[in-house]
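Asker: pasting the sequence and the predicted model now:
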Amino acid sequence: MSDSDTTRVTLLLRLRDRGDALSWEEFHDRYGQLLYRYARVRGAGHADAEDVVQEVEMYLFKALGGFEYDARKGRFRSYLRAAVIHALGRRANRQARQPAVLDPQKFDHVSSEKEATADARWEREWQLNRLRWAMRRIAGEFESKTLQAFEQHVLAGRAVDDVAAELEMGKSSIYQAKSRVLKALKGRLAEADPDGDL
């Protein structure tokens, strides 16, 4: 699958084909952990968070039938955040009437972009999800040791000396790993997600 095929809008348009199992798998691969982690951060237990992921995906499945993307109506990331909050609310209050679908025409009305970016927990999970997605996409481009050096030094925040000693690498190799992997990550994200809404 080409990088242009994996853009957010293209993926959403492909999801309108309810029989396109590969696109739904790609959606779950890209966003499932984000939805799960955010539900957990908001206080859901493991089982409830898994149910929230399924519920959000189910409502999106129903809503995408008449979907037409319009960036002026809001960001998809705001819609996903709101969908998790709504799913958690429904779970917390079983007596409340559940809407049939979340209307894709109201992406901008469900949750404003300001509200989504003001939620530090959501923003953190969003950015970590983007990083994890990009890391999975570039993993095959690097040797295992290079990725380990990057993960331990950059992601885990360990000192260069400690990582170099543990991995039996020179300090300059750790810095090179950091530079090469960061460049690849930035390139992959810019290519697949130029507006940061992946």
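Answerer: Thanks, I have the structure now. All values reported here derive from a predicted model rather than from experimental measurement.

Asker: next one: the spatially closest residue to Arg121 that is not a sequence neighbour from Glu123, what distance?
Answerer: Distance criterion C-beta to C-beta, 6 or more residues apart in numbering; nearest residue to Arg121, sequence neighbours excluded, is Val41 at 4.7 Å. (Each C-beta comes from the backbone N, C-alpha and C, glycine too.) According to C-beta to C-beta, to the nearest Å, Val41 stands 11 Å off from Glu123.

Asker: with Gly187 instead?
Answerer: To Glu123, Gly187 is 23 Å away according to C-beta to C-beta.

Asker: for Arg158, same thing?
Answerer: Distance from Arg158 to Glu123, counting by C-beta to C-beta: 25 Å.

Asker: average pLDDT for the helix or strand Tyr175 falls within?
Answerer: Here Tyr175 sits within helix 171-192, counting by DSSP states H and E. Here helix 171-192 scores 91 as its mean pLDDT.

Asker: so that it lines up with my notes, have the first residue be 27 from now on.
Answerer: Taking 27 as the first residue, the last one we looked at is helix 197-218.

Asker: how about that helix: buried residues?
Answerer: Ser199, Ile200, Ala203, Lys204, Arg206, Val207, Ala210, Leu211, Arg214, Leu215, Ala218 (16 or more other C-beta atoms under 10 Å).

Asker: by contact count, what packs against it?
Answerer: helix 146-164, helix 170-176, helix 186-193 (3 or more C-beta pairs under 8 Å, 6 or more residues apart in numbering; DSSP states H and E).

Asker: check which residues of the shortest one are buried.
Answerer: Of the residues in helix 170-176, those with enough neighbours to count as buried (16+ other C-beta under 10 Å) are Thr172, Leu173, Gln174, Ala175, Phe176.

Asker: can you lay out those as JSON lines showing distance to Ala75?
Answerer: JSON lines is the format used below for those (distance: C-beta to C-beta, whole Å):
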{"residue": "Thr172", "distance to Ala75": "33"}
{"residue": "Leu173", "distance to Ala75": "28"}
{"residue": "Gln174", "distance to Ala75": "29"}
{"residue": "Ala175", "distance to Ala75": "32"}
{"residue": "Phe176", "distance to Ala75": "29"}
